[in-house]
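Visitor: Sequence and computational prediction follow.
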Number of protein chains: 2
Amino acid sequence: MRQHETNLGELGESGILERLFPIFRHADEAVTVGPGDDCAVVRTSGELVFTTDAMVEGYDFLLGISDPVSIGRKAAVQNLADVASMGAKPRWLLTTVLAGKDTPIAVLEGIAEGIALEAHSHGASVIGGDLGTARELTISITAIGELREPGTAIVRSGARAGDVLAVGGDLLGLSSAGLAQVLGKADATLPDIEAGGGAVARLAKRALAWHLAPEPAIARGWSSGCRASAMIDISDGLVRDASRIARASDVNLDLSRAALESDRALLAPLADIFGVDAMEWVLGSGEEHLMLATFPANAWAESTEVRAEFREIGRVLPCEGEGTVLLDGAPLAMHGWDHFSL
Amino acid sequence: MRQHETNLGELGESGILERLFPIFRHADEAVTVGPGDDCAVVRTSGELVFTTDAMVEGYDFLLGISDPVSIGRKAAVQNLADVASMGAKPRWLLTTVLAGKDTPIAVLEGIAEGIALEAHSHGASVIGGDLGTARELTISITAIGELREPGTAIVRSGARAGDVLAVGGDLLGLSSAGLAQVLGKADATLPDIEAGGGAVARLAKRALAWHLAPEPAIARGWSSGCRASAMIDISDGLVRDASRIARASDVNLDLSRAALESDRALLAPLADIFGVDAMEWVLGSGEEHLMLATFPANAWAESTEVRAEFREIGRVLPCEGEGTVLLDGAPLAMHGWDHFSL
């Protein structure tokens, strides 16, 4: 017989908070009033960056497939990555969780642990939040970051013709490779994955883990990323997010097929099993959360740190009309993710 | 034939944002990067306060009964009131809306207009947000406020025996009176409300309007409220929120029945129709969002501004053990709202 799990309705709001507050405990001298009052109070100066991003059960994650800690980690990472992509260091988070009364408290504790893990590992504190009821489990996070000094925010509109286009990670496409397994095709393809041998099985496992809780090197955003002329994190796919820089900066971004060949080749054995072109994963995978940046040619040439943390994948070209994304000079169809696409 | 309404799925994410951004346009010199990049960037100094609060369709509002502008206004007000209750002035909002693809764009435009209306009227700007898909329409807002100088936050724990307990409004209980009408009893009681004559019908209409979009005088939080020793906004009911001050401050809060008699008497004709004691509404009504504060006796005596903006409804008494709420010296059962109560 399964042991009864304490649920939210049994604990009530204050009982739930008593369980969650200790998970978020974190020393932070700037916080003068922490969770538990109407607002948190924080000592600040200079320029702050603000972002917010939500995840909803059934749309952004599946409880049967992911686990609460991974859900919390992913919710935190997608917000922390937005902060990092401004060249800012994450400092404070507010976390809202909406859930049904019959939700086990262990689910909320797991989500809180995941959020705390990612926040604390990047030097950020959870300073407040909200609890409410909903049928769909929903996590909404607001992240606040600090720029090292005013005027240093890296926006999307700063790319210039001649800049280097680079990504802050060794492999693009993992999240789509994980999503393909999640989308009900895993059972049918499992024998093929196993037949593909140890390397394919390991790749499949790595991709699934990344999809459920990505581990992008977001610190590159506020370390060498502060030399970038434009930056974004890849949340909706390489081409879609690159096109945002292209449009905002009035430039074309020309991706190099040769530079992306290692990504394609690594993913190909798994993509073949799903009957898709691995290049589609490389170009369209959302929720990678790697930093995508453009660097002035001299910054790129001079800084070994930049070249150690970022990998060149293309060039910035002048454009006439609206900026767009090219592959070896040829226009690309849009790849990637739109929440509201039909 | 009903005209086809454009919905979110037809517009796509960028099409939706094109409709919403103009609604949020608002001059704000502190905002160096507004909506549209990975983060908003804001110039700050001193101490900031942060809060977040969400509303979910079917739990916190009903689309068939409320209208989008009211839903947006209420979502904004409950956050702005939290900022005000710290003695801070609201400055910036981030707004997340989760909705189904078949939601008409007019619903989101109305919600945005309601949020913008409340934000702008209190000097705050909407600087960013998130759009996502969900079956339940959900609005999650984060509000950031500025204290006039560091160390001036009014927290819950500052009430001292001898202080005056006061509320920043003329009438408590309206939201419960409106909720009673919403909760399916309106049709059955409508004939009685009409039979009650013009005054009862007007009261019913006023209560319903307050419930759907309350208009608390939140500016009192950062004007005379800055002289308070403790403050909170009434979001879960007078007794429940008073008990939060009592527990945090280790005091008893003794409500005066005589001071609340005008509220009870005004609501009684409507309460009678619903067969409830109007005092239950006065003591338990949530979502009032009026400021509830304690003032040192000398601040109360000296400041005509405080006495003009706040109304005395009780006294702060010493306590042994955990602080609690009394009515004319007698312990009170808990009244009010807990999201997760069974």
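Guide: Looks like it arrived, so ask away.

Visitor: Can you show me the helices along chain A?
Guide: A:8-24, A:68-84, A:105-121, A:174-180, A:186-195, A:198-212, A:219-222, A:238-249, A:257-274, A:278-284, A:297-302, A:304-309 (DSSP state H).

Visitor: Who are the packing partners of the fourth one?
Guide: By that I understand helix A:174-180. helix A:198-212, helix A:257-274, helix A:278-284 (3 or more CB pairs under 8 Å, 6 or more residues apart in numbering or on different chains; DSSP states H and E). To be clear about C-beta, it is placed using only N, CA and C from the backbone, and glycine gets the same treatment.

Visitor: Rounded mean pLDDT for the last one, please.
Guide: Averaged over helix A:278-284, pLDDT sits at 97.

Visitor: How far does that helix sit from its chain's centre?
Guide: Distance, stretch centre to chain centre, for helix A:278-284: 17 Å (CA atoms, centre = their mean, to the nearest Å).

Visitor: by contact count, what packs against it?
Guide: Packed next to helix A:278-284, using 3+ CB pairs under 8 Å, 6+ apart, are helix A:174-180, helix A:238-249, helix A:257-274.

Visitor: Redo the ones you listed as JSON lines? Include mean pLDDT and mean neighbour count.
Guide: What follows is the helices and strands packed on helix A:278-284, written out as JSON lines (pLDDT from 0 to 100; neighbours: other CB atoms under 10 Å in any protein chain shown):
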{"stretch": "helix A:174-180", "mean pLDDT": "96", "mean neighbour count": "25"}
{"stretch": "helix A:238-249", "mean pLDDT": "97", "mean neighbour count": "24"}
{"stretch": "helix A:257-274", "mean pLDDT": "96", "mean neighbour count": "18"}
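
Visitor: Output those as CSV; include the columns distance to A:V56.
Guide: Below are the helices and strands packed on helix A:278-284 laid out as CSV (distance: least, CB to CB, whole Å):
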stretch, distance to A:V56
helix A:174-180, 16
helix A:238-249, 20
helix A:257-274, 25
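
Visitor: Could you tell me the angle between the longest strand anywhere in chain A and strand B:40-56?
Guide: Using DSSP state E, we find that the single longest strand of chain A is strand A:40-56. Per axes from the mean of the first three to the mean of the last three CA atoms, to 10 degrees, the angle that strand A:40-56 makes with strand B:40-56 is 60 degrees.

Visitor: Counting neighbours, which bits of strand A:40-56 end up buried?
Guide: Judged by neighbour count (16 or more other CB atoms under 10 Å in any protein chain shown), strand A:40-56 contains these buried residues: A:40-42, A:44, A:47-56.

Visitor: Sketch out the low-pLDDT regions of chain A for me.
Guide: Scanning chain A with the threshold set as pLDDT under 70 gives A:1-2, A:184-191, A:196, A:334-337, A:339-342.

Visitor: Please parse it into its domains.
Guide: By the assignment in automatic domain parsing, chain A contains the domains A:10-146, A:156-331.

Visitor: Of these, which stretch is the most buried?
Guide: domain A:10-146 (a mean of 22; mean count of other CB atoms under 10 Å in any protein chain shown).

Visitor: Please identify which of the helices and strands packed on helix A:174-180 is closest to B:R73.
Guide: helix A:198-212 (38.1 Å; CB to CB).

Visitor: Run the angle between the closest one and helix A:68-84 for me.
Guide: With the same axes, to 10 degrees as the basis, helix A:198-212 and helix A:68-84 are set at 70 degrees to each other.

Visitor: Report the contact partners of the closest residue to A:L98 other than its chain neighbours.
Guide: Distances taken as CB to CB, 6 or more residues apart in numbering or on different chains put A:A134 closest to A:L98, at 3.7 Å, once the chain neighbours are dropped. Contact analysis of A:A134 by CB atoms under 8 Å, 6 or more residues apart in numbering or on different chains lists A:98-100, B:56, B:59, B:136, B:138.

Visitor: Could you measure from A:A134 over to B:E57?
Guide: Distance, A:A134 to B:E57, by CB to CB, to the nearest Å: 9 Å.

Visitor: Could you do A:G198 as well?
Guide: Where B:E57 is concerned, A:G198 sits at a distance of 49 Å (CB to CB).

Visitor: what do you get for A:C226?
Guide: Look at A:C226 and B:E57: by CB to CB, they are 42 Å apart.

Visitor: ok so, going back, out of the contacts of A:A134, which one sits closest to A:E322?
Guide: B:T138 (33.4 Å).

Visitor: Name the residues of the stretch 151-300 of chain A found near chain B, please.
Guide: Contact residues (CB under 8 Å from any CB of the partner chain) of the stretch 151-300 of chain A with chain B: A:151, A:153, A:155-156, A:231-233, A:248.
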